[in-house]
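Undergrad: Give me coordinates for this.
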Amino acid sequence: MSSLRGAVLMAAGMAALLATGPALAAPEDSVANPAAPEAAPTRPYTPVTDAMLQHPAPADWLMWRRTLNSWGFSPLKQITPQNVAGLRLMWARTLPAGGFEGTPLVHDGVMYIPEPGDRIEAVDAATGTPIWHNERKYPADFKGRGGTKRNIAIWGDLLFSSGGDGTVYAVDARTGKQVWEAQVTDHHKQPGGPSAGPIVADGKVISGRACAVAGGPDACVVVANDALTGKELWRTHTVALPGQPGGDTWGDTPRDKRVTVGTWNPPSYDPDLHLIYYGTSIASPTPKFELAGNDKDYLYMTSTIALDVNTGRIVWHYQHIHDFWDFDHTFERLLVDTAVAPDPKSVPWINPRLKPGEVRQVLTGAPGKTGIIYTLDRKTGEFLWARPTVRQNVLEGIDVKTGRPINNPAAEFTHPDQALDICPAFTGGKNWTAGAYNPETHLMVEPLQNLCSVVTSAGPKTGPGQLGMDIDYRAVMAPGETNVGTIQAISAVTGKTEWKYQQRAGTMSLVDTGGGVIFAADAVGHFHGLDDRTGRALWDVNLSAPISGFPIAYGVGGKEYVAVGTGSSPEASGLGRMTPEFQTQNANVLYVFALP
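TA: A predicted model of the protein is given here:
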């Protein structure tokens, strides 16, 4: 393994790169925050169509996980296990202060970066030279912040983002000038900005909301807007309201107390079935004895919901757990057409009606904090199989005939000031840090954590708890584990774990590539290259700050590039507290690597 070490120091508002190994040394023509040209040359721009979103050019990265099926996979093959040790830093760009969890987009050789504070910047993807930037102009009475945005979307000649002031808006991809905006929520009544931007599906801008407790049920919505005009086309609540289907699952909970079932991350989309797939978070408060009781489902919390792209109607839903621990299930859903042949030695929960080896249109992956892999029929929501990855004790089992989850009663709160040993931790066995699916190996590669928590319900002794959820928590290592982070490669066909990569630090997001290299980030600043067939470590660089951005791979002029951004996030901070021996800085920098 070639081990590369470097450090990033922030001084006078810019990054100075100091390399102690040759692989972090930038070539003479590389740039760090270059000045914009006096007059930006006219650049060719190809409007992005629905067909391009469904089948992007290999060199492009057009959305959060590159494709509507959320694979997080680039088909580029220039960087391989044989040459990855030769990667060099091509350019680096300091980003504005604030939490950074962004995913750059790349189209026609231009990179579009979602930055803190509802700022979008366009730069030359090969050199980092700036082209334009757009900074959201908030209403005078808006008292919030733009917050962290994990993604933006592109379609036609427009870019789309979700504003911290409750808007969705479009800017011209050529100039950065705003074209339209539409109000989704009222920032006066429904505070709390979205952590995710939209996607575009069939010419519709689809966006969800995180929905804080104070926002009430009307903040918990998925909304479609016309991509050309911004006109609202439909709106769907992600909480089941009184009188609606599923409304009785909240018992006698009044309408204004049905809160916090948000979406948090972008959805996946199947253009043939015309279905949008969102994951949802918890219902608040977390201890359900404070609501209508522990026996209620509180739809649509911790569920996958499939929405008709034309109407917003919820076609089906599948509830993964009944949540008492703030175990959101809002993470990426992988859409795969595959043979389904779960191995009973690896997979404890298998639908008895499943015919082993039959090819199905599935939705799969680790959608929630439990780290459990679920495979569902994505047309109907039928449960097919599920298996755990890391230690968990909240789910006792699954009724394999119905797919209904069976909670562990000993893990459910029944009264105030009750302390429970819960696995995994609040930071999740899995979290919003994204994995990938490789269609060549048929492996799902998931960044996971070996952590548990002592979770205590709010009460006179405990106090109000954290994050308004009426629980307090303290993370601990899972029994028998010394490494926080693990990456597991799991067959989408059989459910077997084909390889594991273990490391002391917590894992963050990753991207897989057609060349056979996975690029994986971690919470203490290391960016790794792994062999995607074996998990063998091939390359490593220390960027000295938590890597909370989503890595991507793209091409310009026949050269393959890999980009990733460092920056702070609650997930990286929580994982970092478990490994105090690593010293990191808070530095928002976008790094771009390539072969010389």
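
Undergrad: for stretch 229-242, which positions count as buried?
TA: Buried positions in stretch 229-242, judged by neighbour count with 16 or more other C-beta atoms under 10 Å: Gly230, Leu233, Trp234, Thr236, His237, Thr238, Val239, Ala240. From N, CA and C alone the C-beta is placed, and that goes for glycine too.

Undergrad: er, stretch 164-179 actually
TA: For stretch 164-179, burial by neighbour count (16+ other C-beta under 10 Å) applies to 164-174, 176, 179.

Undergrad: on that earlier part again, and the buried residues of stretch 229-242 as a markdown table, adding distance to Gln583, secondary structure and pLDDT?
TA: Formatted as a markdown table, these follow (distance: C-beta to C-beta, whole Å; DSSP: H, G, I helix; E, B strand; the rest coil; pLDDT from 0 to 100):
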| residue | distance to Gln583 | secondary structure | pLDDT |
| --- | --- | --- | --- |
| Gly230 | 46 | coil | 98 |
| Leu233 | 50 | strand | 98 |
| Trp234 | 49 | strand | 98 |
| Thr236 | 46 | strand | 98 |
| His237 | 45 | strand | 98 |
| Thr238 | 40 | coil | 98 |
| Val239 | 43 | coil | 98 |
| Ala240 | 47 | coil | 98 |
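
Undergrad: on that earlier part again, give me the subset of the buried residues of stretch 164-179 lying in helices.
TA: Among the buried residues of stretch 164-179, DSSP state H puts none in helices.

Undergrad: ok, the closest residue to Asp522 other than its chain neighbours - how many residues close by?
TA: In space, and not counting its chain neighbours, Asp522 is closest to Ala505: 4.6 Å by C-beta to C-beta, 6 or more residues apart in numbering. Number of residues near Ala505 (other C-beta atoms under 10 Å) recorded here: 22.

Undergrad: mind checking how far Ala505 is from Phe527?
TA: For Ala505, the distance to Phe527 (C-beta to C-beta, to the nearest Å) stands at 12 Å.

Undergrad: and the buried residues of stretch 164-179 as JSON lines, adding pLDDT and distance to Thr80?
TA: As requested, the buried residues of stretch 164-179 are exported to JSON lines (pLDDT from 0 to 100; distance: C-beta to C-beta, whole Å):
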{"residue": "Gly164", "pLDDT": "92", "distance to Thr80": "41"}
{"residue": "Asp165", "pLDDT": "93", "distance to Thr80": "45"}
{"residue": "Gly166", "pLDDT": "93", "distance to Thr80": "46"}
{"residue": "Thr167", "pLDDT": "95", "distance to Thr80": "44"}
{"residue": "Val168", "pLDDT": "97", "distance to Thr80": "40"}
{"residue": "Tyr169", "pLDDT": "98", "distance to Thr80": "41"}
{"residue": "Ala170", "pLDDT": "98", "distance to Thr80": "39"}
{"residue": "Val171", "pLDDT": "98", "distance to Thr80": "37"}
{"residue": "Asp172", "pLDDT": "98", "distance to Thr80": "38"}
{"residue": "Ala173", "pLDDT": "98", "distance to Thr80": "32"}
{"residue": "Arg174", "pLDDT": "97", "distance to Thr80": "35"}
{"residue": "Gly176", "pLDDT": "97", "distance to Thr80": "36"}
{"residue": "Val179", "pLDDT": "98", "distance to Thr80": "41"}
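
Undergrad: Go through these and name the one nearest Pro479.
TA: Taking C-beta to C-beta as the measure, Pro479 lies nearest Gly164 of those, at 40.8 Å.

Undergrad: Which of the helices or strands spans the closest residue to the closest one other than its chain neighbours?
TA: Leaving aside its sequence neighbours, Gly164 sits nearest to Gly193 (C-beta to C-beta, 6+ apart; 3.4 Å). Assessed by DSSP states H and E, Gly193 sits outside every helix and strand.

Undergrad: Ok, Trp385 next?
TA: Taking DSSP H and E as the criterion, Trp385 maps to strand 383-387.

Undergrad: So for stretch 196-212, mean pLDDT?
TA: Averaging pLDDT along stretch 196-212 yields 95.

Undergrad: Please enumerate the strands of the stretch 351-500 of the chain.
TA: 358-364, 373-377, 383-387, 395-398, 405-407, 419-422, 436-438, 443-449, 451-457, 471-477, 485-491, 497-503 (DSSP state E, counting those that start in this stretch).

Undergrad: would you list these in CSV and tack on distance to Asp532, mean neighbour count and mean pLDDT?
TA: Formatted as CSV, the strands of the stretch 351-500 of the chain follow (distance: least, C-beta to C-beta, whole Å; neighbours: other C-beta atoms under 10 Å; pLDDT from 0 to 100):
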stretch, distance to Asp532, mean neighbour count, mean pLDDT
strand 358-364, 18, 19, 98
strand 373-377, 18, 25, 98
strand 383-387, 21, 24, 98
strand 395-398, 29, 17, 98
strand 405-407, 31, 18, 98
strand 419-422, 33, 18, 98
strand 436-438, 6, 26, 98
strand 443-449, 7, 27, 98
strand 451-457, 25, 22, 97
strand 471-477, 28, 19, 95
strand 485-491, 8, 23, 98
strand 497-503, 9, 17, 98
